[in-house]
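Peer 1: predicted model follows, preceded by the sequence.
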Amino acid sequence: MYPKGLRALSISTVVAMTAALALVFFYAPLEAEQGFLQKIFYVHVPLAIISLCGFVLGGVLAIQHLRTRDPRWDLRSYVVIHISIVFAMATLITGSIWAKGSWGHWWVWSEPTLVSFLIVFLLYATYQPLRFAIEDPERQSRYASVFAVTAGAFVPMNFIAVRMSTAYLHPRVLGSTSNLPGSMALTFLVSLLAMTLLFATLCNYELTAKRARARLRALKRRLAAEGEPQRTPRSAAPAALPVQPSTAGTAS
Amino acid sequence: MSVTAPRLADPAPEQLRPTVSSRRVVATLLRKELLVELRTLESVPAMSLFSLATFVIFHFALNRGSVEGDLGAGILWVTLLFAAILGVNRLFVADAEQGGFDGFLLAPVDRSAMMVAKALTLLAYLLVLELVAVPAFAILLLGPSLWPALGGIALTLLLGDLGVAVIGTLVGALAVRTRARDLLGPLLSLPLFVPIVIGGARATAPLLAYAHRGGLSGRWLATLGVYDLLFGLIAYALFDFLLED
C-alpha cells in the first residue's frame, strides 16, 4: 500500500527535525541584538524558502502535465501547491511574530519579502476555489495547470517588483548567509534540510492518501457493480486518477 | 477505467494547419468584438460610469476636495483597475454562453489569434475608459493641472493597459467557464495586477504632484514594460490550453 521509501523518509525527517531543533536551542549562539527571538529565523526562513520553491515546483509539474496530459503530474502539482500553501501560511504567521518582536508591529510594509509573500499567498489562495468551481475533471486539471504555471512564473516577478518598490531595506538575514557566524550558518542549513525533508514527507503522505482513496473508490465501484451510485465527496483534489489495481500503491 | 490522456495528447488538426494568415484572423476577430460592443454597449459604458462613481466615492471617503501626488496616483490607478475588472469579467461571457468558442474552434485558424484579438479588444476598452476617466479625474479630484504631465501619464497608462489587457485576457478565459465566474475573476486578477499598480502608481505620482519635480522615471516604465512582455509571453503560451473543449 505504501510507497517504498516512505518509512525511511519519515524517520529521517523526524531525526532531522529533532537535530535541527536541538541545534537551534542548544548550539546556536544567542544573537546580540535580538536575543532569543532571533531563533524564529531558523523556522521562518526555511519555511519561506521551501514554500516559494514549492510554488515554482508546482508550476514546473504543471508544465509537465500540460505537455503529457498525464493526470499523475496534475496530482503531483496539486499536492506540492497544497503543502506549499500550508507552509506559506506558517511563514506569514512566524514572520508576523518576528516582526512584532523585533520592530514592534505585527505587519511592516517596508519589508518587501513579507509583502511579496502576502501577495503570492493571496494569489495561491484562489487555487483551490478555482478547482472547486470546475466540474469536469479533465478541464479542472487543465485549468489548474494553466493557473499553476502562471502563478509559478509570477512568484519571482512579483518579488522583484515589490523589492524595487521599497525605498530602503532592512538589514537582510537571508542573502547574507555567508556573513553568518559558522555555528549559525550550520544550524540554518540543518533547519533548511529538515524543512525540506518535512515538505517531501508531507507531499508523499498526501500523494499516498490520494492514490489510496482513488484505489478504494475503484474497488468499491467494482464491488457495487450495478448497485446504487457511489456518493463521491466534494473535493478540490484531482479526481481523474489512473487506477492500476496491481501497481497503484507502488508507482511513485 | 482507463485514462483518456493519450487520445487527448495529439489533437487532430495537425493537418488542418491555418490556411488564413493570423493577422487577418486577428483583424476579423477584433472587428467582430468591437462591432458587438458597439451594438450592445455592454462593457465600456459600464466601466466608464463605474469609474465616475468611484471618484465620487473617493471624494466622500477621503473627505477631500482635491488630491495630488501619491494619493492622486493611487486613486487613479485603483479606479482604473477596478473598472478594468468589470471588463475582464464580461470579456468572454458571450463566447462561453452563445457558442463563440465552439464556432472559433471549428474554424481552421490559429488559436492564439483569439488571445491576441481579445487582448486588443480589452486594450481598446481601456483606452476608451481612460478617455473618459482621466479627464473626469482631472476635473473632479486632481489638484494640480494635468496638462504639463499629460504625455508622461499617457505613456504610463498605455504601458499599464498593455499588462492589464494581457492578464485580463488570461484570467477572463480562466474564470469564464467556472461556476463562480464573477468571484474568481477579481480574486485571480488583483494579485496579478499588483506589480502594475506598483510600477504605474510610482511612475505617475511625481507627475501629479504640485511641484512637477520628479518627471518620468525610466525605472518604473521599464518595470511595467518588462512585466507586460513577460506576461504577454506567458499568456500567449498558455492560452491554447484553455480553449480545448
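Peer 2: Here it is on my side, so go on.
Peer 1: show me where chain B has helices.
Peer 2: B:5-9, B:22-40, B:44-62, B:69-91, B:93-97, B:100-106, B:112-140, B:150-176, B:181-204, B:218-238 (DSSP state H).
Peer 1: relative to helix B:44-62, how tilted is the second one?
Peer 2: By that I understand helix B:22-40. 70 degrees (axes from the mean of the first three to the mean of the last three C-alpha atoms, to 10 degrees).
Peer 1: list the residue ranges of chain B that fall below the pLDDT cut-off.
Peer 2: Applying pLDDT under 70 to chain B flags the ranges B:1-19, B:212-215.
Peer 1: quick check, central residue of it?
Peer 2: Nearest residue to the geometric centre of chain B (C-alpha atoms, centre = their mean): B:Ala165, 2.8 Å.
Peer 1: so what pLDDT did the residue positioned nearest the centre of chain A get?
Peer 2: Ranked by distance to the mean C-alpha position of chain A (C-alpha atoms, centre = their mean), the top residue is A:Ser84 at 1.8 Å. Here, the pLDDT recorded for A:Ser84 equals 95.
Peer 1: how about it: what's its closest non-neighbour residue?
Peer 2: A:Gly54 (3.2 Å; C-beta to C-beta, 6 or more residues apart in numbering or on different chains). Backbone N, C-alpha and C define where each C-beta goes, glycine included.
Peer 1: dump the residue contacts of the one you found.
Peer 2: Taking C-beta atoms under 8 Å, 6 or more residues apart in numbering or on different chains, we find A:Gly54 in contact with A:Val80, A:Ile81, A:Ile83, A:Ser84, A:Phe87, A:Phe199.
Peer 1: next: B:Ser217.
Peer 2: By C-beta under 8 Å, 6+ apart, the neighbours of B:Ser217 are B:Arg202, B:Ala203, B:Pro206.
Peer 1: B:Leu216 too?
Peer 2: B:Gly152, B:Leu155, B:Thr156, B:Ala203, B:Leu207.
Peer 1: ok, A:Thr150 to chain B distance?
Peer 2: 6 Å (C-beta to the nearest C-beta, to the nearest Å).
Peer 1: swap in A:Ala90?
Peer 2: Taking C-beta to the nearest C-beta, one finds A:Ala90 at 20 Å from chain B.
Peer 1: with A:Gln34 instead?
Peer 2: 30 Å.
Peer 1: from B:Tyr125, how far off is the nearest residue to that residue once chain neighbours are set aside?
Peer 2: Excluding the flanking residues, the one nearest A:Gln34 by C-beta to C-beta, 6+ apart is A:Ser102, at 5.5 Å. The spacing between A:Ser102 and B:Tyr125, counted by C-beta to C-beta, to the nearest Å, is 47 Å.
Peer 1: more crowded one of those two?
Peer 2: B:Tyr125 (28 against 16; other C-beta atoms under 10 Å in any protein chain shown).
Peer 1: give me every residue that touches that one.
Peer 2: Per C-beta under 8 Å, 6+ apart, neighbours of B:Tyr125: B:Glu37, B:Ser43, B:Val44, B:Met47, B:Ala84, B:Gly87.
Peer 1: what sits up against stretch B:44-62?
Peer 2: B:37, B:65, B:67, B:71, B:75, B:78-80, B:82-84, B:86-87, B:125, B:128-129, B:132-133, B:136-137, B:140-141.
Peer 1: which of these are buried, as a ChimeraX select command?
Peer 2: If you want just the buried ones from the contacts of stretch B:44-62 in ChimeraX, going by 16 or more other C-beta atoms under 10 Å in any protein chain shown, the selection is:
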select /B:37,67,71,75,79,80,82,83,84,86,87,125,128,129,132,133,136,137,141
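Peer 1: burial count for residue 38?
Peer 2: With no chain named, the answer covers chain A. 19.
Peer 1: my bad, the chain I had in mind was chain B
Peer 2: Using other C-beta under 10 Å as the criterion, the residues surrounding B:Leu38 number 9.
Peer 1: ok, A:Ala16 next?
Peer 2: A:Ala16 is flanked by 20 other residues according to other C-beta under 10 Å.
Peer 1: so B:Phe101 touches B:Leu242, yeah?
Peer 2: No: with contact defined as C-beta atoms under 8 Å, B:Phe101 does not count as touching B:Leu242 (9.5 Å).
Peer 1: which of the two has more neighbours?
Peer 2: More neighbours surround B:Leu242 than the other of B:Phe101 and B:Leu242, with 24 against 20 (other C-beta under 10 Å).
Peer 1: what's the distance between that one and B:Tyr236?
Peer 2: Taken as C-beta to C-beta, the span from B:Leu242 to B:Tyr236 is 12 Å.
Peer 1: ok, now A:Arg215?
Peer 2: Taking C-beta to C-beta, one finds A:Arg215 at 39 Å from B:Tyr236.
Peer 1: same deal with A:Ala16?
Peer 2: 43 Å.
Peer 1: now swap in B:Leu105 and tell me
Peer 2: 18 Å.
Peer 1: check A:Ser178 and give its pLDDT.
Peer 2: 52.
Peer 1: which parts of chain B sit against chain A?
Peer 2: B:1-6, B:8-9, B:170, B:174-175, B:177-181, B:183-184, B:187-188, B:190-192, B:194-195, B:198-199, B:202, B:219, B:223, B:227, B:230-231, B:234-235, B:238, B:241-242, B:244-245 (C-beta under 8 Å from any C-beta of the partner chain).
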